[in-house]
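>>> how does the following fold in three dimensions:
(one chain, ligands or ions: 1)
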Amino acid sequence: MSIRTRAIGIVCAGCVAVGVWDARSEKVLKPVDAELVEVAWCARQEVPFIVYHGHRTDAEQASFIAKGVSWVKRSKHQDGLAIDVMALKDGKGTWELKYYQKIATAFYACSQKLNIPITWGCEWKVKDCVHFERK
Ligand SMILES: [Zn+2]
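Numbers count the residues shown, from 1 in each chain. All right, here's what the predicted structure looks like:
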């Protein structure tokens with residue numbers, strides 16, 4: 001299993017199987033809220049994706065704002081209550097929205113089943129379709 005991070009995104013080989021976390025996701029999810037992980041794990045049984053961001057320190061958030069990839073001073077990532085996912089298409093990361101819609105459908109179904117309320121960032125005015133957080 002090899003996962004490479006590149007400037008344009010993440011290429012993930014060997015982690016297409018539904019129902020398993022790849023090594024990166026597993027590591028990223030460690031400091032994340034256990035109930036959010038439960039929802040993500042449940043969704044992972046339905047659709048392939050990796051989790052590439054979870055908990056963020058204040059310094060990391062500040063650098064994300066500086067880079068223009070985040071726009072809020074306080075994000076739920078800093079409390080371990082948010083994750084960013086990357087959809088997988090044939091084992092490779094994709095930004096195609098339809099894959100994120102499938103992931104969101106799975107997240108919401110699991111959220112309801114487990115009674116753990118979540119929000120998908122794609123529903124915000126400033127859309128963040130890779131982002132899921134606890135309500
Ligand atoms: Zn996020």
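>>> longest helix in this structure, please.
Longest helix in the chain, counting residues (DSSP state H): helix 97-114.
>>> flag every buried residue along that one.
By neighbour count on 16 or more other CB atoms under 10 Å, the buried set for helix 97-114 is 99-100, 102-104, 106-108, 110-111. Glycine gets a C-beta too; all of them are placed from N, C-alpha and C.
>>> list the contacts of it.
For helix 97-114, contacts defined as CB atoms under 8 Å, 6 or more residues apart in numbering pick out 35, 38-40, 42-43, 46-47, 49, 85, 87-89, 116-118, 120, 122, 129-130, 132.
>>> among those residues, which ones are buried?
Neighbour-count burial (16+ other CB under 10 Å) applied to the contacts of helix 97-114 gives 35, 39-40, 42-43, 46-47, 49, 85, 87-88, 116, 118, 120, 122, 129-130, 132.
>>> just to be sure, Phe132 is in a strand?
Yes. Using DSSP: H, G, I helix; E, B strand; the rest coil, the assignment for Phe132 is a strand.
>>> show me the contacts for it.
Counting by CB under 8 Å, 6+ apart, Phe132 makes contact with 36, 39-40, 82-85, 104, 107, 118-121.
>>> please redo it, this time with the cut-off set to 10 Å
Going by CB atoms under 10 Å, 6 or more residues apart in numbering, Phe132 touches 36, 39-40, 43, 51, 76, 81-85, 100, 103-104, 107-108, 111, 118-122.
>>> in the protein, what residue comes closest to the ion?
Residue of the chain nearest the ion, by CB to the ion: His131 (3.5 Å).
>>> check the gap between the nearest residue to that residue once chain neighbours are set aside and Gln101 for me.
Leaving aside its sequence neighbours, His131 sits nearest to Gly121 (CB to CB, 6 or more residues apart in numbering; 3.1 Å). Using CB to CB, to the nearest Å, one obtains 13 Å as the distance from Gly121 to Gln101.
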